[in-house]
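Undergrad: Structure of the sequence below:
(one chain, ligands or ions: 2)
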Amino acid sequence: MRYVRSDAHRLHFPDGELAGGEFVRPFECPERWEYIVAALDEAGMRDAVDPRPPDLRRIAQVHDTSYLEFLATAWQQWTDAGYVHDALPTVFPARDMAQIEPDHIDGKLGYYAFALETAITAGTWEAALGGAALAQTAQKLVTGGEPSAFALCRPPGHHASANLYGGYCFLNNAAIAANGFLGDGAERVAVLDVDFHHGNGTQSIFYDRSDVMFLSLHGDPRHEFPHFLGYADEQGVGDGVGFNHNYPLSPGTPYPVWAEALADACAKIADFGPDALVVSLGVDTFEADPISSFKLTTDDFSRYGQTIGELRLPTVYVMEGGYAVEEIGINTVNVLQGHLDMA
Ligand code: SP5
Ligand code: ZN
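TA: Residues are numbered from 1 along each chain as shown. Ligands and ions are numbered 1, 2, ... in the order given. Okay, here's the model as predicted:
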């Protein structure tokens with residue numbers, strides 16, 4: 001399996017993340033990427049590909065133009081306002097308030113953020129755009145005939161909607177890959193999200209569509225981030241009814257229960273008969289993940305990679321979460337190798 005990577009991710013690394021009422025070193029850190037590259041290398045997966053330049057026209061089919069404009073200029077506006085630390089919102093357009101984009105950056109940040117653990121820094125836009133380019137390049141490889149490819153995206157993307165950032169995500173790399181498949185002739189695409197957290201951004205981007213099926217296995221939003229989406233009764237709207245499937249699972253879920261949900265999701269994907277599959281690959285389902293609560297072991301990642309591989313679909317894996325940094329590499333590689341064992 002070829003994989004697409006770039007150093008641009010290093011440009012995004014905030015000084016801190018707001019967690020439990022204090023600023024801590026961000027869980028979503030550059031070493032995550034380093035550990036994955038090292039594990040790929042160790043496993044003999046050395047076919048690294050450089051990204052093509054980002055296709056902004058296609059990114060604008062997934063994200064609102066005003067949102068992209070905001071992301072591209074937020075840091076400049078923030079420093080123009082006289083601020084010197086990382087950019088964070090302090091106020092949000094919550095219930096019963098005006099949903100109007102303000103002129104001042106303090107207001108714009110809250111308008112476009114849904115969570116405030118995620119800071120914007122000088123290099124955030126360039127890093128996010130670099131990540132989107134990886135997803136686009138992986139999609140092009142698979143559209144061009146590669147059976148599968150891995151986009152080593154950082155920052156991750158599945159929490160970002162058409163016009164909201166948060167959960168460490170700015171551009172929805174998986175949605176951008178799925179949209180790319182459609183633009184290159186696919187009629188139907190499935191997006192399977194196995195990150196510990198619900199892929200709220202991806203769900204919302206495709207919620208009214210029948211050409212993209214979205215399926216997500218995740219911590220029950222009653223207990224886990226992002227808390228405000230990911231319930232089982234969210235099945236789509238309009239043409240999209242029946243094309244959104246959520247599997248909220250309890251904190252502490254062990255592999256057999258998780259694997260049962262995955263089998264159900266894979267059966268739905270097979271019935272849907274997509275031309276391509278995008279996997280939002282977060283390995284924060286690992287038992288030792290510092291911010292998550294599922295109980296998957298390193299060997300379980302191989303097992304479920306095989307389950308996904310058995311679908312025998314042209315597949316793009318897009319990196320999402322995973323914060324047990326020392327094991328993130330082996331857990332990620334195990335999924336990819338499990339896939340290759342079966343595909
Ligand atoms: C891509 C991705 O995995 N984003 C996750 C963002 C989660 N951010 C907030 C996490 C809050 C976790 N609080 C539980 C701490 C338990 N020690
Ligand atoms: Zn996650």
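
Undergrad: Which residue ranges of the stretch 1-150 of the chain form strands?
TA: All strands of the stretch 1-150 of the chain, identified by DSSP state E, counting those that start in this stretch, fall at 2-4, 17-19, 22-24, 48-49, 148-151.

Undergrad: ranking those strands by burial, who's on top?
TA: The highest average neighbour count among these, using mean count of other CB atoms under 10 Å, belongs to strand 148-151 at a mean of 28. C-beta coordinates here come from the backbone N, C-alpha and C atoms, glycine included.

Undergrad: Which other helices and strands does that one contact?
TA: strand 2-4, helix 124-143, strand 315-319, helix 325-342 (3 or more CB pairs under 8 Å, 6 or more residues apart in numbering; DSSP states H and E).

Undergrad: Off-centre distance for it?
TA: 14 Å (CA atoms, centre = their mean, to the nearest Å).

Undergrad: Can you name the residues of the stretch 201-343 of the chain sitting close to ligand 1?
TA: 225, 282, 284, 291, 320, 321 (CB under 6 Å from any ligand atom).

Undergrad: Going by distance to ligand 1, which of the residues you listed wins?
TA: residue 321 (2.5 Å; CB to the nearest ligand atom).

Undergrad: Can I get the helices and strands packed on strand 148-151 in JSON lines including mean pLDDT?
TA: Shown next, in JSON lines, are the helices and strands packed on strand 148-151 (pLDDT from 0 to 100):
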{"stretch": "strand 2-4", "mean pLDDT": "98"}
{"stretch": "helix 124-143", "mean pLDDT": "98"}
{"stretch": "strand 315-319", "mean pLDDT": "99"}
{"stretch": "helix 325-342", "mean pLDDT": "98"}
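
Undergrad: Minimum distance to ligand 2: which of those has it?
TA: In terms of CB to the ion, the element of the helices and strands packed on strand 148-151 nearest to ligand 2 is strand 315-319, at 10.8 Å.

Undergrad: related to what we said a few turns ago, out of the residues of the stretch 201-343 of the chain next to ligand 1, which is most surrounded?
TA: Within those, most neighbours by other CB atoms under 10 Å means residue 320, with 30 neighbours.

Undergrad: and that residue, what does it touch?
TA: Taking CB atoms under 8 Å, 6 or more residues apart in numbering, we find residue 320 in contact with 153, 156, 157, 158, 174, 193, 195, 199, 280, 281, 282, 284.

Undergrad: tell me the phi and psi of it?
TA: Dihedral pair for residue 320: phi -120, psi -110, per degrees, to the nearest 10.

Undergrad: And for residue 165?
TA: The phi/psi pair for residue 165 (degrees, to the nearest 10) is phi -110, psi 160.

Undergrad: quick one: pLDDT of it?
TA: Residue 165 carries a pLDDT value of 98.

Undergrad: Not counting sequence-adjacent ones, nearest residue to residue 225?
TA: residue 197 (5.4 Å; CB to CB, 6 or more residues apart in numbering).

Undergrad: now that neighbour, what's its secondary structure?
TA: Recorded secondary structure, residue 197: coil (DSSP: H, G, I helix; E, B strand; the rest coil).

Undergrad: Now do the helices in this structure.
TA: 31-42, 56-59, 65-80, 105-112, 124-143, 173-183, 200-206, 255-272, 298-309, 325-342 (DSSP state H).

Undergrad: okay if I get these as CSV plus mean neighbour count?
TA: What follows is these, written out as CSV (neighbours: other CB atoms under 10 Å):
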stretch, mean neighbour count
helix 31-42, 18
helix 56-59, 16
helix 65-80, 16
helix 105-112, 21
helix 124-143, 26
helix 173-183, 28
helix 200-206, 27
helix 255-272, 16
helix 298-309, 20
helix 325-342, 21
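
Undergrad: wait, which of the ones you listed is closest to residue 162?
TA: helix 200-206 (5.7 Å; CB to CB).

Undergrad: for the longest strand belonging to the chain, what is the average pLDDT?
TA: For the chain, the strand with the greatest residue count under DSSP state E is strand 212-219. The average pLDDT within strand 212-219 is 99.

Undergrad: Give the other helices and strands that it contacts.
TA: strand 189-193, helix 200-206, strand 244-249, helix 255-272.

Undergrad: which helices and strands does the third one pack with?
TA: I take that to be strand 244-249. Against strand 244-249 (3+ CB pairs under 8 Å, 6+ apart) you get helix 200-206, strand 212-219, helix 255-272.

Undergrad: Please report how far the residue in the chain sticking out farthest from the centre lies from residue 91.
TA: In the chain, residue 82 marks the outermost C-alpha relative to the chain mean, sitting 32.2 Å out by CA atoms, centre = their mean. Using CB to CB, to the nearest Å, residue 82 is found at 18 Å from residue 91.
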